[in-house]
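Chemist: following is a predicted model, sequence given first.
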Amino acid sequence: MRHHRMDDIPDLPDNSPMFVGSVTKKAMVTDENPGLLRANVVTFHYGARNKLHHHETDQLLVVTAGEGIVATESEELQVTVGDVVHVPAGERHWHGAKQGATFSHISILTPGGITIDE
């Protein structure tokens, strides 16, 4: 068993080509503690978002702060604190902050690849 306090996990810039705008990430499960789970708190600052992409595994997004958008090619959801979105494996989607807003969610996945579709 491992125990962490959210305030003790560093909030680090994520400059991945996956993102458009300023994004930071708190890795709740790190490469130093590998397992069958990936969990991060991702914060999209001032309208930042990720590019259209898909995962090899299901993804669960738990909104923890702000207002955001989770969208597929055919649907766009406005989300806020307390919303939970399940994105099935292979579904092309993007998520991020509403324009001018900041948005955070916990992203939970099992190991698997990600493909940028844009």
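Modeler: Right, received. Where do you want to start?

Chemist: just checking: what are the partner strands of the longest strand seen in the chain?
Modeler: Secondary structure of the chain read by DSSP state E shows that its longest strand is strand 59-72. Sheet pairing here is set by DSSP bridges, and for strand 59-72 it gives strand 76-80 (antiparallel), strand 84-87 (antiparallel), strand 93-97 (antiparallel), strand 103-109 (antiparallel).

Chemist: so what touches the longest one?
Modeler: Applying CB atoms under 8 Å, 6 or more residues apart in numbering, the set of residues contacting strand 103-109 from outside is 28, 37-44, 55, 57-68, 79, 95-97. (C-beta placed from N, C-alpha, C; glycine too.)

Chemist: buried subset of the residues you listed, written for PyMOL?
Modeler: Entered in PyMOL, the line below selects the buried ones among those, by 16 or more other CB atoms under 10 Å:
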select buried, resi 28+38+39+40+41+42+43+44+55+59+61+62+63+64+66+67+68+79+95+96+97
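
Chemist: all good on my end, thank you.
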